[in-house]
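Enquirer: With the input below, show me the fold.
(one chain, ligands or ions: 2)
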Amino acid sequence: MLILGIESSCDETAAALVRSDRTIVAHKLAGQEAAHAPYGGVVPEIAARAHVEMVGPLVEAALAEGGVALRDVDAIAATAGPGLIGGVMVGLVTAKALALASGKPLIAVNHLEGHALSARLTDPDLQFPYLLLLVSGGHCQLLLVAGVGRYRRLATTIDDAAGEAFDKTAKLLGLGFPGGPAVERAAADGDPRAVPLPRPLFGSPEPHFSFAGLKSAVLRARDAGTHRAEDIAASFQQAVIDCLVDRTRVAIRAAALPVSSQDGSITALVVAGGVAANRSVRAALETLAAEHGLRFVAPPLWLCTDNAAMIAWAGAERFAAGLTDPLDVAARPRWPL
Ligand code: KG4
Ligand code: ZN
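Expert: Numbering: from 1, shown residues only. Ligands and ions are numbered 1, 2, ... in the order given. You can find the predicted model right below:
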């Protein structure tokens, strides 16, 4: 089976072709960093307009790269939410038009499901159930992934997402946009013990996350004027990592119980989403997994940040499970897994 995937929920327009045997036939992506950089964050209206311009050419380019025509595709998958609604509508309507024109089935993919299943695209040995730490610009969750469409949320953030905290910290420190990679670069030249910063919810028995207090502490450290930006960045990154590890440790204990008698226990810790592209975050989680005798699985860096291959793959998994959607399926700005 060959699936065409389209992603447009934030500031990346992307199209990809993925086979159900895990071959990535083509993947094309157009970022919008330059358009949003002057504003220090993603401007929804600008994002939606850029998706309108880019989605057609990217689908065309993916088909050309794969050496296939629309008639060779078995189904068309697109992100139907959650995300910035203008962008979601552009990608979803494009997929509907292609499905209508080709007579091929449409698959409406939850963007979070795309991230949740992305590790299975590159790791054929990753079996359900597994514990997933999903850390992106919009979400920070711990999920038990028991199967396609079978997710149990163990934890979420009570305020900001981890990626959002990276983005806001980058803005406060004048490191540029997008924030995550900028903070990671600055942190490489800093001392993670230089600035004492809080670890919100550290040690709490529930595995929830909180990053708003950390951001305020970064602001105070900056205004104190006594620290280098690199040291604040390194200390901030270490605080986030300590929280992610501590919260995930609590969830591993909860997840160690069998998901259900038929599913058995988790054997892997998986990380996905844009923040999973951070090398220090990955290294800390890998150590945590090893401590608990779990496999650690992280998609390659390009598959962590938003892309269409993960949407095509989630489409392939849904298609194999017999899940397709009607042409009147809705675009959803909010859509919990
Ligand atoms: O998954 P993603 O591409 O989009 C969403 O679905 O939100 O995640 C984007 C987020 C941004 O907040 C970005 O700053 C963060 O992931 N990010 C990183 C890194 N690369 C991207 N955060 C920390 N370190 C990185 N290297
Ligand atoms: Zn995402």
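
Enquirer: Can you tell me the centre-most residue of this structure?
Expert: Geometric centre of the chain, nearest residue: G273, 2.4 Å, by C-alpha atoms, centre = their mean.

Enquirer: For that residue, give me its contacts.
Expert: 115, 134-136, 139, 163, 304 (C-beta atoms under 8 Å, 6 or more residues apart in numbering). All C-beta spots, glycine's among them, are computed from the backbone N, C-alpha and C.

Enquirer: try 7 Å
Expert: By C-beta atoms under 7 Å, 6 or more residues apart in numbering, G273 lies in contact with 115, 134-136, 139, 304.

Enquirer: and the spatially closest residue to it that is not a sequence neighbour, what does it touch?
Expert: In space, and not counting its chain neighbours, G273 is closest to S136: 3.4 Å by C-beta to C-beta, 6 or more residues apart in numbering. When contacts are counted by C-beta under 7 Å, 6+ apart, S136 touches 115, 161, 163, 273-275.

Enquirer: What's the separation between S136 and A165?
Expert: Using C-beta to C-beta, to the nearest Å, S136 is found at 12 Å from A165.

Enquirer: now P178
Expert: P178 is 13 Å from A165, where distance means C-beta to C-beta.

Enquirer: same question, V218
Expert: 9 Å.

Enquirer: Neighbour count for these two, which is higher?
Expert: Taking neighbours as other C-beta atoms under 10 Å, V218 and A165 compare with A165 leading, 30 against 24.

Enquirer: can you pull the pLDDT of G176?
Expert: On pLDDT, G176 comes in at 88.

Enquirer: okay, now the nearest residue to R71 once chain neighbours are set aside: neighbour count?
Expert: Nearest non-adjacent residue to R71, counting by C-beta to C-beta, 6+ apart: S102, 6.3 Å away. When counting by other C-beta under 10 Å, one arrives at 16 neighbours for S102.

Enquirer: Am I right that S102 is in contact with A69?
Expert: No - in this structure S102 lies outside contact range of A69 using C-beta atoms under 7 Å: 9.3 Å.

Enquirer: who in the stretch 51-200 of the chain is up against ligand 1?
Expert: 136-138, 163-164, 166-167, 178-181, 184 (C-beta under 6 Å from any ligand atom).
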